[in-house]
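# Let's see this in three dimensions:
(2 chains)
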Amino acid sequence: MAAHRCGLSLVCILIFSSLAHPSSCDTLEKANDNTAEKRSISEVNTDGSVAGEALNERQWQSTDAEVDRSDSTTHSEALTPAAARDEFQEELVIRPLHSGDIYASFQFRTLWDTDFLQEGQKVSHYRLFPKSLGQVLSKFSVRELHISFTQGFWRTMQWGQPFIPSPPGAELWVWFHDTVSDVDGNWKELTNVLSGIFCASLNFIDLTNTVQPSASFKPLGLGNATDHRFLRYATLPREIVCTENLTPWKKLLPCGSKAGLAVLMKSEKLFHSSFHSQAVHIRPICQDEQCSSKAWELRQTLNVVFDLHTSGQGKKEWSLFKMFSRTLTEACPLASSSKVYVDITDNPEGELFELSPATPLLGQAVVLGDRRTYSVYDLSRAETFGQLRSFNLLLRWKGDSGDMLRPLLHAERYVAGFGLQTGEIHTVIYNNHPYRAFPVLLMDSVPWYLQLYIHTLTVTSKSRDNKPSYIHYQPAKDRHRPHLLEMLIQLPPHSMTEVTVQFERALLKWTEYTPDPNHGFYVGSSVVSALVPSMVAMRTNFTQDQPLFSSFVPVKEESSYFVRVYTEPLLVNLPTPDFSMPYNVICLTCTVVAVGYGSFYNLLTRTFQVDEPSPPLSKRLANLIRRMRGVPLLT
Amino acid sequence: MAAPLTLLLIVAVTIRAVLFRSSLAELISARVEVVSPLNAWKRVVEGLALLDLGVSPYSGDVFHETPLMIYLFHFTVDYAEIVFIVSAYFVDCLSCFLKPLDRAKMAINSNYLKSDLLFNFPGCCELISWFITIIVCLCFCKFHFLCTCKYTDVRLCHQIADGITALALYLSIQTYNKDVFRKQKYALESDRYSADCLELLRSPKEMFYIPLKVAMFYLLNPFTILSCVAKSTCGLNNAIIALFIFCTLKGSALLSGILLALATYQSIYPLTLFAPALLFFLQRLYIPVNLRRSSFWFFTLQYAFMYVGSLVVITGLSFFLLGSWDFIPSVYGFIFSVPDLTPNIGLFWYFFAEMFEHFRLFFSCVFQINVFFYTIPLSIKLKEHPVFLIFMQIAIISIFKSYPTVGDVALYMAFLPAWSHLYRFLRNIFLVSCVLLACSALFPVLWHLWIYAGSANSNFYYAITLLFNFGQILLVADYFYAYLRREHHLTHGLYLKKKDGTEATLVLK
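So this is what the prediction gives:
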C-alpha cells in the first residue's frame, strides 16, 4: 500500500514538472522575440539613415539578397552571438502582365543556421523556423523538399514565365538523405504527415503515381547528389486547392497573417483569381563563403494572377485594396527585410501606366534571362506608409498594353485519337529563339492504366525525325508503378517539336474507378526543363547604362538560365464497366461455366441406357402382392 | 493428294498475302477478338523496342511472351534472310523425317503387317507440296521486303506457322485415320461390333478426303486468317501444338515430350495434353492402363521424365538468355492472376472487372482449376480414344483459358471434319452454328457501339461473349455426346429394342 502511494506521488510530481516545463519555454521564446524586435528596429534605423541621405534623387539599389543578408547577419551577430542565427525576409513582387492581368508573387524566406540531420544533435528549440516542418525534416532525413498546390493553369503564352513554375494540382518532390535505407517507407510516411500538415489529400500519393526521375529534378540546394534512388516525385493533378490549404500554409509564417505582407492573404480574394499557387521549398544552403557548415532555407511562395481587367468594367486600374481588399500597415516585426517590388520595365517613362505613391527607390535584376527594372517600396521604413499609416499601391493604366509576349520556350500537350481503345499523346515544344538551338529535358509520368507503346515514340521537328540523344524509360507495372519517360531533345532554332506516343486504355476493376468515372482520368503535366539562352545575351546592343567593355562577350551567368515549363494535365476517358451489374455478371458468367460443367458432368458420370417406361401403379401394386404371396410376377 | 494440298496452301498463302498488303491488316491487328495481351504483335514489337533500349521487357506490364519467343523474333528481325533459309531447311528436314508415312490407300489395301512395311514408301508428294509452298512464300516475302517496313519478314514467320500447323494436322489426321481403320478392321474380324451397325462403320472412301478437309478447315477458317493477318503469336503456339499431336500420333515419345514441354512453356494450359499423349503411347505399345503393372509405371515415368526434363531445359535456357527469373511472374503469373481486363472473347475479363475484391482470389482459383479439372475424368472416360481426348482438351482450354482469341478456337475447329462420322448423332448443330456465326458478326458491331459510338455499354459486348462461349460449350458437349453414343451403338447395335419389341430411345442414366 505504501509503495503504491509512493508511486502515485511520483506520477503527480512528474505531471507537474511537465506542466511547468512548457511555460518556461514560452518565456524563453518571448525573450527571444523581444530581442528580434529590437534588432529589426535597429535595422530600420540604420537603413533609414542611409536612405535618408539620397532621398531626393532616384537611387539604384542592388536587389541581391546576398548583400542584404550579409548586412543583417552582421547586425544579428552583434546582438545574439551565441545562438543559432535565423532570419526572416518577406517580399511581394507585382508585375502587370501584357494581357491586362496582374501577377502578384509573395516570397517568404526563413533562414536558419543549423543542421537537422547531424548525428547526435537533436534540434528542439525553434524560433522562426516552423517546428512542424523542422521535426518532419529530421524525422524522415529529408535533404530537400518541394511542395506546391496550384489551382488553375499558368498561361505561358499570355503571361510569360512565372518566377516559380508549378503544375496544376499538387506536386511534391523530395530528395532524401543518402543514409536512408527504406526510401519508399519514408516517402509513404512523409506524404501522410504532409497531408496532415497542409490539409491536402497528399495521402493519395502512393507507388502508383510516384516516379524517380533520373535527370529532370536535380537538387536545388547544397550537395550534388545524383543518385536518383533517393528522389521521389509525385503529382496529383486532380487536387483542388482552397482555403483549407491556405490556412495551414499561413500558419508556418513567423507572423502568421497578423502582420507584414501576409495580411493581404484573404482567401476569398486569393481564390477569386485566374491562377493561384502556393508552395513550400526547403533546401540546405551554405552558411558562408567557405561553405563550412549548413544552413536551412525555407521559402514559402504564393503566386496569384488577378483578372482585374474583366471584373473592373473595362477600367484598367488596380490597387492593393482592390486586389486583396486590404492595405498594408506595417512590416512583419520579425522580418529582417520587407519589400514590395513593382515591375516597371515596360514603363520606363511612365507612358503606359502611372504608379502611386511614387517611390524614389529603383531596383534592377536579371530575372529569367531578362533585365527587369523594379520600383521598390521598403515596408520597414515609416515614410512608405505616409501620413495615413497605410500603404495602398495604386496603378492606373494610360495606354493600351503592348504586343503579346513570346516566351522562348513553351510547351503544350493534348490527346489525339477517338474511341476508348487507343489514343496518342502529343507534346508540342516551341523554341522561339531566332537563332539558337538548345536541348530540353522532357519528363512524362503516365499512369499505368494508359499502356504506352514506346516503339511508337516519334520526335519530329521541322517535319524531320529528331532522335533524342538520351532516353530513360521505365515501363509501368499494373497497379504498382507508372510509366516514366525522360528524353533529352535538341530543339532547333525557331521551331516546333512534336513528341507523340501511342497508348492503349485499360479496362479497370470496378472498384478502381473514381466516383465520377465518365469525367475521365487525369494525367499529370509533363515537365520540360531547359537551360534557355537568355534575352540579355541576345540583346547585343544593350549598352544603355553599361560600359562598352562589359558587353562584348555575354557574362556567363546571364548567358542562359534554367526554366521549367509544365504542360497542361490531360483528361483521358477510359472504358467503363456497368457499375450496377456485379451481381448479375457473377450470376451470368457462373451460369455459363456451370452449363459447361453440368453437361460434361452428365456425359462423364452417366451411361446410355434404353428408356424403359416404368410400369403403371396398379401393376406395381399387383406385383408387390404377388411377391408376398410367392406367385410369379406379372411382366 | 499432293496437288490439292499444294493448291490449298497456295490459296491460303495468297489470301493472307493479299490481306497483309491491304489496309485491313492494321484494323485487324487491333481487334480484341483476334489479339490478346498475351499474343499481340504490337506487344512483341514493344518488347523488342524495350530490349533495344536496354530495358528488360519484363520490367513493364506490356510484354508477356516467353523469352525464347522474343529472342526468336529478335533474331528474325535482325537476320531475316538466314532465318528464312534455316526455316526452309528445317521444313525440309521435317519432311524427310516424316518420310515413313503415306496415303491412307496403302494401309487400307493391306493388312497390318504388310502396311507397316509399306509405310517406308517415301512421302515425296508432301515434300513437293512443301517446296512449292515455300517458294510461293519466298516470293511474297521478297515482294514485301522490297516495298515495306522493318518487321515485314515476320509475316513470313506467321504464314509458315500456319502452313506448318495445317500440314501437321493434315498428316496427323491421315495417320489417325489409318489407325482408326486398322482398329475397325480388327474389331470386325474379332466380331466385337454388333451386327446391325455396319452403316456406322467408316469407309476408306469417305475417309480419304478428311485430312485435306482438316487442313482446309484450318487454313481457310476466317478465324485463322484473321489471327495470321494480325500477326498474333497464337499461330505459332498452334503450330507447336499441331506438331506435338503429329509427333504423338507418329509414336515418337521423345519429340512429343519436347513439343509438349514447348507448348506448356508457351502457355501453361497444354499441360493437360500430357494425359491423352500418355494414353496414346500406352495404347500404341499395348501396355494396359493398370496401376499395378510395372510396365505402365515404367513408361509413364519415362514419358514424364522426357516432358519434365525438356521443360526444365527450356526454362533454364530462357533463364540463361535473360539472366533473371523475371519472366515467370510476367508470363505465368499474368496468365493465372488475370490482371489485364482488356475485353476479349473469354469469360474472365468482365467477371473479374465486376468481382468483389474479397472474392477475387477465390474465383480466380475456381476459374483456373476449371480448365484443368476435366482432365482426369475425361481421361478415365475416354482412355480408349486418346485422339478424341486431345480434341476435347484443346477445346476446353480454348473456351476456359484466361485470354482466349479466335486463333485458339480455330485450332479445335480444324478437328471437326475428322469427326464427320458423328454428324448423325449431333443434337443441335444447327443452333450452335447459327449462334457462333451470329456472335462472330456481332462482336465487331457491339464493340463499335460501346467503344466508338458510345451508344451501347460494356454489357452488350459482354452478352455476346457469353453467348459465344455458351455456343462453344454446346458444340463441344454435343460432339462428346455423339462420340459416346456412337461407341455405345457400335457395341450394342444401332437399332435398339425395348423389352416389348418396340423401338427404344437411348437416355443418359
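# how many neighbours does residue 374 have?
Just so you know, I chose chain A. 24 (other CB atoms under 10 Å in any protein chain shown). In this view, the C-beta of every residue, glycine as well, is placed from N, C-alpha and C.
# The chain in question should be chain B.
Taking other CB under 10 Å as the criterion, the count of residues near B:Y374 is 21.
# Just list the residues touching it, thanks.
A:F600, B:T272, B:M392, B:Q393, B:I396 (CB atoms under 8 Å, 6 or more residues apart in numbering or on different chains).
# tell me which element the fourth one falls in.
Secondary structure assigned from DSSP states H and E places B:Q393 in helix B:386-400.
# For the stretch 451-600 of chain A, give the residue positioned nearest to chain B.
Using CB to the nearest CB, the point where the stretch 451-600 of chain A gets nearest to chain B is A:P475, with a distance of 2.3 Å.
# Do me a favour and get the backbone dihedrals for that residue.
Backbone torsions of A:P475, given as degrees, to the nearest 10, read phi -70, psi 160.
# Which residues are in contact with it?
If you count contacts by CB under 8 Å, 6+ apart, then A:P475 has A:L452, A:I454, A:H483, B:L50, B:V55, B:S59, B:G60, B:D61, B:V62 around it.
# Let's see if you can find the most crowded of those.
Per-residue neighbour counts (other CB under 10 Å) across those peak at B:V62, which has 28 neighbours.
# my read: it touches B:L48, true?
No. If you go by CB atoms under 8 Å, B:V62 and B:L48 don't touch, sitting 11.5 Å apart.
# For B:S310, give its distance to B:L50.
Noted for B:S310: a distance of 28 Å to B:L50, by CB to CB, to the nearest Å.
# on that earlier part again, for the contacts of B:Y374, could you give me a markdown table that also reports distance to A:D370?
Below are these laid out as a markdown table (distance: CB to CB, whole Å):
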| residue | distance to A:D370 |
| --- | --- |
| A:F600 | 78 |
| B:T272 | 72 |
| B:M392 | 78 |
| B:Q393 | 74 |
| B:I396 | 72 |
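# Look at A:V501 and give its secondary structure.
A:V501 falls in the strand class when you classify it by DSSP: H, G, I helix; E, B strand; the rest coil.
# Got the phi and psi for the closest residue to it other than its chain neighbours?
Of all residues not flanking A:V501 in the chain, A:L457 sits nearest, at 4.7 Å (CB to CB, 6 or more residues apart in numbering or on different chains). When read as degrees, to the nearest 10, the backbone of A:L457 gives phi -70, psi 130.
# shaky segments in chain A?
Low-confidence regions of chain A, defined here as pLDDT under 70, cover residues A:1-83, A:117-121, A:224-225, A:308-315, A:348, A:350, A:399-405, A:536-558.
# Would you map the helices across it?
Secondary structure of chain A (DSSP state H): helices at A:2-53, A:65-79, A:131-139, A:156-159, A:183-198, A:243-251, A:267-270, A:308-311, A:320-324, A:535-538, A:556-559, A:582-605, A:617-629.
# Pull out the buried positions in the third one.
So the one you mean is helix A:131-139. Neighbour counts using 16 or more other CB atoms under 10 Å in any protein chain shown place A:S132, A:L133, A:G134, A:V136, A:L137, A:S138 of helix A:131-139 among the buried residues.
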